[in-house]
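In: Next one to model:
(one chain, ligands or ions: 1)
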Amino acid sequence: MTTSAPDRTATPDVPTSQDPQPAPELVVDLKRVDKTFGSKPILAQVDLQIRRGEFVALLGASGSGKSTLLRILADLEPANGGQIEVSARRSVVFQDARLLPFRRVAANVRLGLRRADLPDDDLAALLAEVGLDGYQRRWPSTLSGGEGQRVALARALAREPRLLLLDEPFAALDALTRIRMHDLVLALWRQHHPGVLFITHDVDEAILLADRVLVLADGGFREDVAITVPRESRRSSWPEGGQVRRQLLAALGVQDGRTDNPDIGRQA
Ligand SMILES: Nc1ncnc2c1ncn2[C@@H]1O[C@H](COP(=O)(O)OP(=O)(O)OP(=O)(O)O)[C@@H](O)[C@H]1O
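Out: Predicted structure coming up:
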């Protein structure tokens, strides 16, 4: 008697990797959102959807409203109009780690949580995951800038967010530390799979990290570029890479590497 491999086509109720998967849930759904400060319009009729597991980078000149948009998503700032649906499970990391100086690392990671929500073993595993194995009892004043941002990432992830909001989290770090943090944020994203909105001034950082890059200008998205090239191919030049970069720089108002705005178009 001969045996043969099971014929998958004969069992259509068994899911295969070829079956279409339902789209992941929306963690951000903005429709026609307006924001003004006094009489100054910042956001005008903004629509934005982010799905769980999607990594979206947001570029824009200084003052274009990136942080304002993030603060609306974080419920730190009210909008003036429009429809806002955002996952309640969300965390924010800012440019500075914003750690409480009189609390040790463990307490900073647990901030706002009960101890039972993050038992000691899970806390230790999370710190190891961000590269801070054994840092539980360290004081914030003894941490380097990069270590402080690692604690901030651990604190954000301790809430098991479906949406992770990152407001220029690496802007204050030196170039080498930033490269390490890029690898870390991608590893954490792959492991925990939240939707991410990552604000940066740096076109190359956006291209390196994101599935989609948005450019905010004049109150709306001037560009929305999907980047489908695998991330491991993006560090060196790839066929359409130069074109994507030029397209984003043009949307930022930079032509031929020249700009009036010193904050944009920096190399990673
Ligand atoms: N609370 C506030 N009251 C008045 N104006 C504000 C307030 N917050 C922000 N603004 C203004 O809104 C505009 C957008 O600010 P926002 O911080 O969102 O810009 P940004 O794109 O994040 O800039 P940057 O890249 O420099 O951080 C700026 O002109 C800023 O001065």
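
In: mind listing the strands for the protein?
Out: In the chain, the segments counted as strands under DSSP state E are 26-37, 40-51, 55-60, 81-86, 90-93, 163-167, 195-199, 212-217, 220-226.

In: ok, how many other residues are close to the closest residue to the ligand within the stretch 101-250 of the chain?
Out: Per CB to the nearest ligand atom, H201 is where the stretch 101-250 of the chain lies closest to the ligand, at 6.2 Å. Every C-beta, even on glycine, is put in place using the N, C-alpha and C of the backbone. Neighbour count for H201, taken as other CB atoms under 10 Å: 20.

In: Spit out the contact partners of E240.
Out: V229 (CB atoms under 8 Å, 6 or more residues apart in numbering).

In: Got phi/psi on it?
Out: phi -90, psi 0 (degrees, to the nearest 10).

In: pLDDT wise, what is it at?
Out: E240 is assigned 84 on the pLDDT scale.

In: before we move on, back to that, a markdown table for the strands of the chain, including distance to F102, mean neighbour count and mean pLDDT?
Out: Shown next, in a markdown table, are those (distance: least, CB to CB, whole Å; neighbours: other CB atoms under 10 Å; pLDDT from 0 to 100):
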| stretch | distance to F102 | mean neighbour count | mean pLDDT |
| --- | --- | --- | --- |
| strand 26-37 | 33 | 18 | 98 |
| strand 40-51 | 36 | 17 | 97 |
| strand 55-60 | 34 | 26 | 98 |
| strand 81-86 | 32 | 15 | 97 |
| strand 90-93 | 21 | 22 | 97 |
| strand 163-167 | 24 | 25 | 98 |
| strand 195-199 | 29 | 26 | 98 |
| strand 212-217 | 37 | 22 | 98 |
| strand 220-226 | 42 | 15 | 96 |
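
In: Would you convert those strands into a markdown table that also reports distance to T142?
Out: As requested, the strands of the chain are exported to a markdown table (distance: least, CB to CB, whole Å):
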| stretch | distance to T142 |
| --- | --- |
| strand 26-37 | 35 |
| strand 40-51 | 36 |
| strand 55-60 | 32 |
| strand 81-86 | 35 |
| strand 90-93 | 20 |
| strand 163-167 | 24 |
| strand 195-199 | 28 |
| strand 212-217 | 36 |
| strand 220-226 | 41 |
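
In: Now L127: closest residue in space that isn't a chain neighbour?
Out: Closest residue to L127 in three dimensions, ignoring its sequence neighbours and counting by CB to CB, 6 or more residues apart in numbering: Y135, at 5.5 Å.

In: Then L216?
Out: G60 (3.6 Å).

In: And that neighbour, how close does it get to R190?
Out: Note on G60: its distance to R190, by CB to CB, to the nearest Å, is 26 Å.

In: Reformat the strands of the chain as TSV; add distance to the ligand.
Out: Formatted as TSV, the strands of the chain follow (distance: least, CB to the nearest ligand atom, whole Å):
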stretch	distance to the ligand
strand 26-37	3
strand 40-51	5
strand 55-60	5
strand 81-86	16
strand 90-93	13
strand 163-167	8
strand 195-199	7
strand 212-217	7
strand 220-226	13
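
In: Identify the residues contacting the helix or strand of the chain with the lowest mean pLDDT?
Out: Every helix and strand in the chain was compared by mean pLDDT, DSSP states H and E; the lowest is helix 241-251, with a mean of 93. Residues from elsewhere that reach helix 241-251 (CB under 8 Å, 6+ apart): 59, 203-204, 206-207, 213, 215, 217, 222-223, 225, 227, 229, 234, 255, 257, 264-265.
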